[in-house]
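Engineer: Got a sequence here, can you model it:
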Amino acid sequence: MAEDRDLTELRRGVLGPCVLALLEERTRFGLELVRDLASADSLLTSEGTVYPLLNRMRDAGLVTSEWRDEASERPRRYYAITAAGRRHLAAFRAEWPRFSATVSEVLGIPAFAGVRSGR
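Structural biologist: Purely as a prediction, here's the structure:
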């Protein structure tokens, strides 16, 4: 169904900044990110998208990862946001209100909280 594909693509487009925002709060392991994203009103539709995304983000220098072997747990890879990741997230946050207002305007949806697209 085209509508499902459209929503999936939309979710994928904002997944990276959402991962960075969660990592800004604290370091997390992969499955924890999957669970947090899935619980956020179904932001995540497939956990198979998170791990490749984390690898791309690590390769881009936006996150770091390290294996931790904690006493009562099995070894897990933990992810943390880098300074470059914080800058990337800040830039996304600065652009998001205008971008989302523009899309809403084009779709004929009233702007949220008085945000104007500037078109």
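
Engineer: Ser65: neighbour count?
Structural biologist: 15 (other CB atoms under 10 Å). For every residue, glycine as well, the C-beta is placed using N, CA and C.

Engineer: Look up phi and psi at the residue of the chain most remote from its centre.
Structural biologist: Outermost residue of the chain with respect to the C-alpha centroid, by CA atoms, centre = their mean, is Ala71; its distance is 29.8 Å. Per-residue torsions, Ala71: phi -50, psi -50 (degrees, to the nearest 10).

Engineer: quick one: the helices in the protein?
Structural biologist: Along the chain, counting by DSSP state H, helices occupy 2-25, 30-39, 50-59, 83-107.

Engineer: who are the neighbours in contact with the most centrally placed residue in the chain?
Structural biologist: By CA atoms, centre = their mean, the mean C-alpha position of the chain lies nearest to Cys18, the distance being 2.3 Å. Applying CB atoms under 8 Å, 6 or more residues apart in numbering to Cys18 gives the contacts Leu37, Ala40, Leu43.

Engineer: Grab the nearest non-local neighbour of the last one.
Structural biologist: Counting by CB to CB, 6 or more residues apart in numbering, Leu37 is the residue found nearest to Leu43 once chain neighbours are left out, at 5.0 Å.
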